[in-house]
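Student: Give me a 3D structure for the following:
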Amino acid sequence: LGGPSSDPHFDAISFINSAGDWSPNSDKFAFVVYADGNNEIAILDTKTTNVERRIKLPGIGAVSSVSWSPDGRTLAFSGQAGGISDLYLLDLQAGTIKQLTNDKYADIQPTWSPDGKTLAFSTDRGPKTDFNKLTYSPLQLATYDIATGRISVFSPFAHGKHLNPQFSPDGRDLFFVSDQDGFSDIYRLDLASGQVFRLTKTATGVSGITTVSPSISVSRQTGRMLFTTFYDQGNEIRGFDPSQTVGTPVTAALVAEGEQLPPPTVTGSIVSGYLADAATGLPPASEFQVVPFHSTLSLDAIGQPSLGVSAGGPFGTGVAGGVSMIFGDQLSDRQLYAAIQANGTVKDIGGQLQYYNMKNRWNYGVGIGHIPYLTGGVYLADTTIDLGGGQAIQGYSVNQLLQRIYIDQASLFTQYPFSATRRFELSASVTHYSFDTEVLQTVYVNDQVFDQADTKVNSGYKPALFAEPSVSLVGDNSFSAFTSPVQGERFRIQYTPTFGTATYQTATLDYRRYLFMRPFSLAFRGISLGRYGSGAEDPNTTWPIFLGEETLMRGYGYGSFSSDECGSTSSSSPSASAGCPAFDRLFGSKVAVVNTEFRIPLFGTEGFGLFNFPYLPTEIAPFFDAGVSYTNAQNPDFRLARSANTVPSNCSTPTNNTQAAAQAYYPCADRVPVFSTGLSMRFNLMGYAILEAYIAHPFQRPQKNWVWGFQLAPGW
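Tutor: Numbers count the residues shown, from 1 in each chain. Next comes the predicted model:
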């Protein structure tokens, strides 16, 4: 009902050593949350499921175990100030806080008596507690008289802990959890007589997540009890009616049963003796040498190295391989990532180096990299060889075309986390693109090698230099199952101006929402991605955004188009796509996308799968995708028509090479929205990758009814 997945203002709910509580008429629920790095108390309206109030607690650190007073005006809780837990009262109307206990003892898990005059709690106020020797008693039961401040300690058992006290509806008894015989079970203490009764005797014990976690709750009105036990590698909730909370008397003989066993034979050691005796065995403080801590980087992990040699083929002989390493300090405040990769000759060796410092709340990092991309191919050509003196012979040449793009980048970034779910990011990078083209030519005459040459040629591309600062606001309080997020929301708002060879601005708006209806999920996504400015569509420095990318829209994949969808056009590449509106309208400098999925976990685990088969988690998701691509010259045309396969009549004819190049990359087309619907299946492949297979019906492709597709990507 309330938590980080339903309220983005929460980072998390405190539940490991804490419990919430209902208001007297059960219309409100109070619980402890983490928000902006601190504990707060949240009040949830159980009818609307909205968190109507968040209460900050200045000066108090960790908060646990909220308890609502019978009159509904006050909350009791255990809070820590300076690392010491005490009891506090919060007046809900006035917003004031009153501290009840103020000492070195641990006071946890307060609960109100039905008349509102007394608090029961667990404490280490026992005979074995000695702060000078740093020895502590097992947790005992205690009550605090609100009027007088008098504390009474109850020790039903000589051994073991006493946890999670809960009053009976008439206030005469205290239910609690104890492990006096080695197993945690529920007992009842008659406050007037001191008689103890045992309610449970479970093989696995009554317990929460930890040894001191709350594990029982008793209704104020009916006396019905709920408690948690360890079962089938997890926890289950069990219940007792009031008639089952009477229990059987615990006599002194029964308590002493555990003491009648013969003591085990224990081999003494110096270490165990020192640990058992706080008064002796410790060396003088002067023998300890105190030195400042200096962190050093050491190897934390190394990626699987690879090495290979290739011969022949379109790229010739070369070496391939690489290795990556992570270095860190003892506290993981600083990390260094290094990687090197070879994919051919010396020219094709690349690498990256990144440093991250996360010691302070302002995280920062720097990075440098040199990445070569090698492309090319092989083609044959007839050639005439001039032998001089007017003589020539015919032959042919095998030409290996090697085209390289070198990307050199230096970057730095910093981020400030507002909370565990929201952060501010600031980054800047300088990127240089350079190009290298060479032809390795081997001339053959009569199938014998006649000549070889390595020639550099002009690629036609000029080097480019870009500087890109970026600012972002990012939020993510979502939870993921095996293949996709299932609950919460994500968003990113980012602005990136680009300066240098081309000048333009890139803006990104990305919002995602997940509604969990166990075990199903309804997912929504909206994306706006665009480049703006004079250089946003420069064909020499930018590549168009493709709306048909399968991570954006399914059913319009680049390789799924054929010539019969483009009239007389036989090519489906963007540079030769004039006259193919079904394809051309997918390229632009700006796109907007909306996606919806209903996610059905077919195979998984209990709670995240219709069938309990965790070996191949599988998700089925009917989907609907919609999007539009547009340019500076052509705005979106929101005609909800299937769109004839025609080129718009208002397309201008290029008058120069620059306009022709720009129109080849950003073709003139009907900029109508495109839609698709279908069925997606995602598989979690042994936890290493998510494979998606889908079948989609694209509405704006008249010649196609259904399109199949595959991609390695988790659900958005």
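Student: What's opposite residue 475 in the beta bridge?
Tutor: Residue 475 has these beta-bridge partners by DSSP bridges: residue 422, residue 491.
Student: you'd agree it is up against residue 489?
Tutor: Yes. With contact defined as Cβ atoms under 8 Å, residue 475 reaches residue 489; the gap is 7.1 Å. For the C-beta atoms, the positions are set from N, CA and C on the backbone; glycine is no exception.
Student: Checking residue 670 next. Helix, strand or coil?
Tutor: Secondary structure for residue 670, judged by DSSP: H, G, I helix; E, B strand; the rest coil, is coil.
Student: Counting neighbours, show which residues of stretch 234-253 come out buried.
Tutor: The neighbour-count check on stretch 234-253 (16 or more other Cβ atoms under 10 Å) flags 240, 245, 247, 250 as buried.
Student: Dump that stretch to PDB, restricted to CA.
Tutor: Extracted in PDB, the C-alpha atoms of stretch 234-253 (Å, rounded to 0.1, in the frame of the first residue of the first chain):
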ATOM      1  CA  GLY A 234      11.200 -18.600   4.100                       C
ATOM      2  CA  ASN A 235       8.700 -17.200   6.600                       C
ATOM      3  CA  GLU A 236       5.000 -17.900   6.900                       C
ATOM      4  CA  ILE A 237       2.300 -16.200   9.000                       C
ATOM      5  CA  ARG A 238       0.200 -18.300  11.400                       C
ATOM      6  CA  GLY A 239      -2.700 -17.300  13.600                       C
ATOM      7  CA  PHE A 240      -4.200 -18.100  17.000                       C
ATOM      8  CA  ASP A 241      -7.800 -17.500  18.000                       C
ATOM      9  CA  PRO A 242      -8.200 -16.000  21.600                       C
ATOM     10  CA  SER A 243      -9.000 -19.500  22.900                       C
ATOM     11  CA  GLN A 244      -5.600 -20.700  21.700                       C
ATOM     12  CA  THR A 245      -3.600 -18.100  23.500                       C
ATOM     13  CA  VAL A 246      -4.100 -19.600  27.000                       C
ATOM     14  CA  GLY A 247      -1.200 -21.900  26.900                       C
ATOM     15  CA  THR A 248       0.100 -24.500  29.300                       C
ATOM     16  CA  PRO A 249       1.800 -23.600  32.600                       C
ATOM     17  CA  VAL A 250       5.600 -23.500  32.600                       C
ATOM     18  CA  THR A 251       7.000 -25.000  35.900                       C
ATOM     19  CA  ALA A 252      10.400 -24.600  37.400                       C
ATOM     20  CA  ALA A 253      11.100 -28.200  36.500                       C
END
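Student: quick check, distance from the helix or strand residue 189 falls within to the centre of its chain.
Tutor: Per DSSP states H and E: residue 189 is located in strand 185-190. Remark: strand 185-190 is offset 43 Å from the chain centroid, using Cα atoms, centre = their mean, to the nearest Å.
Student: Rounded mean pLDDT for it, please.
Tutor: Throughout strand 185-190, pLDDT has a mean value of 96.
Student: residues making contact with the helix or strand just after it?
Tutor: Using DSSP H and E, the helix or strand that directly follows strand 185-190 along the chain is strand 196-198. Contacts with strand 196-198, where a contact means Cβ atoms under 8 Å, 6 or more residues apart in numbering, come from 156-157, 185-190, 246-250.
Student: In its sheet, which strands sit next to strand 196-198, and in what direction?
Tutor: So strand 196-198, judged by DSSP bridges, has these partners: strand 185-190 (antiparallel), strand 248-249 (antiparallel).
Student: deepest of the ones you listed, which one?
Tutor: Mean neighbour count, computed with mean count of other Cβ atoms under 10 Å, is highest for strand 185-190 among the strands paired with strand 196-198, reaching a mean of 21.
Student: How about residue 519: what's its closest non-neighbour residue?
Tutor: Nearest in space to residue 519, with sequence neighbours left out and distances taken as Cβ to Cβ, 6 or more residues apart in numbering, is residue 601 at 5.2 Å.
Student: ok, and for whichever strand or helix holds that neighbour, which residues are buried?
Tutor: Element membership for residue 601 (DSSP H and E) is strand 590-604. Applying a neighbour-count criterion of 16+ other Cβ under 10 Å, one finds 590-595, 597, 599-604 buried in strand 590-604.
Student: now swap in stretch 395-414 and tell me
Tutor: For stretch 395-414, by 16+ other Cβ under 10 Å, it's 395, 397, 399-404, 406, 408-409, 411, 413.
Student: Also stretch 219-233?
Tutor: 220, 223, 225, 227-230.
Student: What of stretch 119-132?
Tutor: 119-126, 129.
Student: and the buried residues of strand 590-604 as a markdown table, adding pLDDT?
Tutor: Below are those laid out as a markdown table (pLDDT from 0 to 100):
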| residue | pLDDT |
| --- | --- |
| 590 | 96 |
| 591 | 97 |
| 592 | 97 |
| 593 | 98 |
| 594 | 98 |
| 595 | 98 |
| 597 | 98 |
| 599 | 97 |
| 600 | 97 |
| 601 | 96 |
| 602 | 95 |
| 603 | 95 |
| 604 | 92 |
